[in-house]
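J.: requesting a structural model of the entry that follows:
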Amino acid sequence: MKELKPRNAFHAVLLSAHIPGLGQMYNGELLFGALLVVCFSFGLAGLYGLGVLHGLSGVIWSFVLSTVFYIYQIVDAWLGARKRFEYYPKKYNHWIYYTIYSLGFLALCTLLLLPVIFFATSLNLYKIPSNSMSPTLTGGDVILVDEHAYDKFPPLRWDCVVFNNPKKPGRVMVKRVAGLPGEELEIRFRNLFIDGKQTPDIFGNYTEPMPTDKKGLKKENFGPLNIPYGKYFVMGDNRSHSRDSRHFGLVDESDIIGKPILVVYSWDMSRVMIPIE
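T.: Sure, this is the predicted structure:
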């Protein structure tokens, strides 16, 4: 006859704190503990795969959800142990099975962490050399860039993008997308027209006097220009003092490196850790 062994709430909490679900196993709820861990883990991985969790916000939400789950399963193990005054140990209430469960949990974590590691390696830091993107970005800012931001979806109008200068390979620049593939773009006296219709230039920042390029053409007028598929027209937010597609031409889709997502350092500390629009 099996010996009666009431569950110890402290032991249950300690086990769940080390390996999620292990406290439930200790309480005789092996299936519930395992399902809890598997459903949460694959659910989180699924949200990454579907693109619901992405970028910096995805990292933050993953941390929040993981913390809530971690605390929940510890509390559940504690409450479960307190209810089991009369408990007959099951076959798996043995250190050998606890070890097997722990190794399985670590293997699952390793498998599911691979996408997170992949995402982490897609992040890179870049330093802004000038004020061509002012006031959004200023000279000296250090920005965090997601280099996989456009793996599934193309850039949208007004996205900030990091790219290789089409005229100077190896030189990395940051500008904002103004014209998309297949569109006709024109600038008339600082006003932006897409396919003949005026489009609000919500990020354009012009100053006086308007400079001219080496050919003597004022930057306040440009085009019309038909943008081929696979190409993008980019401009700096500081329209009056930015060398961009008005000078070096269109940016090829293959030259786009990624999307800036966060200012991680700036001389103006009020801008640090501010998401980039």
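J.: can you give me the helices for this protein?
T.: Per DSSP state H, the chain carries helices over the ranges 9-18, 22-26, 30-49, 55-83, 95-121, 245-248.
J.: low pLDDT regions in the stretch 101-250 of the chain?
T.: Where the stretch 101-250 of the chain drops to pLDDT under 70, the residues are 113-121, 208-219.
J.: one more time with 80
T.: Within the stretch 101-250 of the chain, the set of residues satisfying pLDDT under 80 comprises 109-123, 205-220.
J.: spell out the residue ranges of the strands in it.
T.: Secondary structure of the stretch 101-250 of the chain (DSSP state E, counting those that start in this stretch): strands at 123-127, 142-146, 160-164, 172-179, 184-188, 191-194, 197-199, 222-226, 231-235.
J.: relative orientation of the last one and strand 160-164 in degrees?
T.: Which is strand 231-235. Counting by axes from the mean of the first three to the mean of the last three Cα atoms, to 10 degrees, strand 231-235 points 110 degrees away from the direction of strand 160-164.
J.: could you do the fifth one as well?
T.: For strand 184-188 against strand 160-164, the angle between stretch directions is 110 degrees (the same axes, to 10 degrees).
J.: offset the numbering so it begins at 25, please.
T.: In the new count, where the first residue is 25, that last one comes out as strand 208-212.
J.: just to revisit the earlier point, got a markdown table for the strands of the stretch 125-274 of the chain, with mean neighbour count and distance to Asp279 too?
T.: Bear in mind the C-beta positions are built from the backbone N, C-alpha and C, glycine included. As requested, these are arranged in a markdown table below (neighbours: other Cβ atoms under 10 Å; distance: least, Cβ to Cβ, whole Å):
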| stretch | mean neighbour count | distance to Asp279 |
| --- | --- | --- |
| strand 147-151 | 14 | 15 |
| strand 166-170 | 20 | 14 |
| strand 184-188 | 21 | 4 |
| strand 196-203 | 23 | 10 |
| strand 208-212 | 18 | 18 |
| strand 215-218 | 18 | 22 |
| strand 221-223 | 12 | 24 |
| strand 246-250 | 15 | 18 |
| strand 255-259 | 24 | 9 |
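J.: hmm, back to that, give me whichever of the helices of the chain is most buried.
T.: helix 46-50 (a mean of 26; mean count of other Cβ atoms under 10 Å).
J.: residues in contact with Asp276?
T.: The neighbours of Asp276, taking Cβ atoms under 8 Å, 6 or more residues apart in numbering as the test, are Pro190, Gly254, Lys255.
J.: how about a cut-off of 10 Å?
T.: By Cβ atoms under 10 Å, 6 or more residues apart in numbering, Asp276 lies in contact with Phe187, Asn188, Pro190, Pro252, Gly254, Lys255, Tyr256.
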